[in-house]
Structures are given as C-alpha cells and as structure tokens.
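A.B. asks: One predicted model, sequence on top.
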Amino acid sequence: MKNVTDSFVSLGHWPSAGSFGFNTDILATNPINLSVVIGVLIFFGKGVLSDLLDNRKQRILNTIRNSEELRGGAIEQLEKARARLRKVEMEADQFRVNGYSEIERQKWDLKNSTSQTLEQLENFKNETIQFEQQRAINQVRQRVFQQALQGALGTLNSCLNNELHLRTISANIGMLGAMKEITD
C-alpha cells in the first residue's frame, strides 16, 4: 500500500510539508481520498460483506434444498396421480368391457326371449287352426250325419209300414236291453 500512496504523492505538490491545511488541488486529493475510503471499506466492510454474502449463500442453498424437497414431493405426488390414473383407466376399461358384454348378453337374452315368444305364438296359432279345423270337421260331420239321418228316416218312412216299423222298434229296444244287461 505504501507504493500506491507514494505514486499519489508524486503526482501532487505539497506546498507546506510541516503544517496542517486544506489542499485545494482536486486532482491530487480525489485519488488519495478514494484510496483511503476504499481501504477503510475493505478493512472494516470485509467482515460485514462476507457475512452478508454468507447469509445470502445460505438462503440460496436453503431455497435450493427446499425446492429439491418440494420437487421430490411433487414427483412423488405425480407418480401417485399417474398410478391412480392408470388404475382408473383400467377400471374404466373393465366397466366398458363389462358394459359391452352386459349389452351383448342382454341382446342375446332378448333375442332368445323373442324367439321363444314367437315360437309359442306359432304353436298357439297352429293349435288354434287345428282346433278350428277339427270344429269345422265336426260341424260338417254333424250336418252330414243329420242329413243322412233325415234321408234315412225319409226313406224308412216312405218304405216302412206300421208292422215293419213296430218290429224295428222292438228289435232296437231288445238290443238296448241286452246292452244294459251287459253293462250291469
């Protein structure tokens, strides 16, 4: 530091070396004043500046550490959320598959039910047709029988006389009596 002050001393002119006074030469006093102020600041401010920088460094390190912890927590939460998402997607796929299979099963059941109902209706229709045919055949038989009976009675009445008529009635009564004895 002595060399620095010597160089400044040589720049300026000291008019009175043994007395105290003000130097009005701005070029000579500013570098000296600045070097003294800077030297004092460095000497006394070094600890304060060092403490301020250390505090700032610790705050930055704490912030980084906290950020890393938060980042780790966020990554963990993200992984949990992704796992839940995968689980929900699998459940949704399962519901979708179950829904489609349930729809297919219900569709199949509806087809089977409709098929059975149609088959039952077809059977009922056929039974109804068969019943109506049988009824119509029976009606025709009754009419044919009535007409044949009327024709036979008409023929008998025209051909029979009273004696033949009485013998036929007696023979029929005898047959009915014999049938009654057999059934008893």
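C.D. replies: Now that the structure is in, tell me what you want to look at.
A.B. asks: switch to C-alpha atoms for all contacts and neighbour counts from now on
C.D. replies: OK.
A.B. asks: This protein: helices as residue ranges?
C.D. replies: For the chain, the helices defined by DSSP state H occupy 2-11, 26-159, 162-183.
A.B. asks: In CSV: the ones you listed, plus mean neighbour count.
C.D. replies: Putting the helices of the chain into CSV (neighbours: other Cα atoms under 10 Å) gives the following:
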stretch, mean neighbour count
helix 2-11, 11
helix 26-159, 12
helix 162-183, 11
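A.B. asks: could those be laid out in JSON lines, adding mean pLDDT?
C.D. replies: Output for the helices of the chain, formatted as JSON lines (pLDDT from 0 to 100):
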{"stretch": "helix 2-11", "mean pLDDT": "49"}
{"stretch": "helix 26-159", "mean pLDDT": "88"}
{"stretch": "helix 162-183", "mean pLDDT": "83"}
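A.B. asks: okay, Met1: pLDDT?
C.D. replies: With respect to pLDDT, Met1 scores 48.
A.B. asks: Let me fix that, I meant to ask about Gly18.
C.D. replies: On the pLDDT scale, Gly18 is placed at 56.
A.B. asks: can you pull the contacts of Ile174?
C.D. replies: No Ile there; residue 174 is Gly. Counting by Cα atoms under 8 Å, 6 or more residues apart in numbering, Gly174 makes contact with nothing.
A.B. asks: Distance check, it against Thr183.
C.D. replies: 14 Å (Cα to Cα, to the nearest Å).
A.B. asks: same check, this time on Glu89
C.D. replies: Glu89 sits at a distance of 86 Å from Thr183 (criterion: Cα to Cα).
A.B. asks: can you check Val37 too?
C.D. replies: 156 Å.
A.B. asks: How about Val40?
C.D. replies: 155 Å.
A.B. asks: And stretch 170-184, how far out from the chain middle?
C.D. replies: Relative to the centre of its chain, stretch 170-184 is centred 87 Å away, using Cα atoms, centre = their mean, to the nearest Å.
A.B. asks: Over to stretch 149-159?
C.D. replies: On Cα atoms, centre = their mean, the centre of stretch 149-159 falls 88 Å from that of its chain.
A.B. asks: Keeping just the C-alphas, turn it into CSV.
C.D. replies: The C-alpha trace of stretch 149-159 is given here as CSV (Å, rounded to 0.1, in the frame of the first residue of the first chain):
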residue,chain,number,x,y,z
LEU,A,149,-130.3,-89.5,-40.8
GLN,A,150,-133.0,-87.3,-42.3
GLY,A,151,-132.5,-89.0,-45.6
ALA,A,152,-132.6,-92.4,-44.0
LEU,A,153,-135.7,-91.5,-41.9
GLY,A,154,-137.3,-90.2,-45.0
THR,A,155,-136.5,-93.4,-46.9
LEU,A,156,-137.6,-95.5,-44.0
ASN,A,157,-140.8,-93.6,-43.6
SER,A,158,-141.6,-94.0,-47.2
CYS,A,159,-140.7,-97.7,-47.2
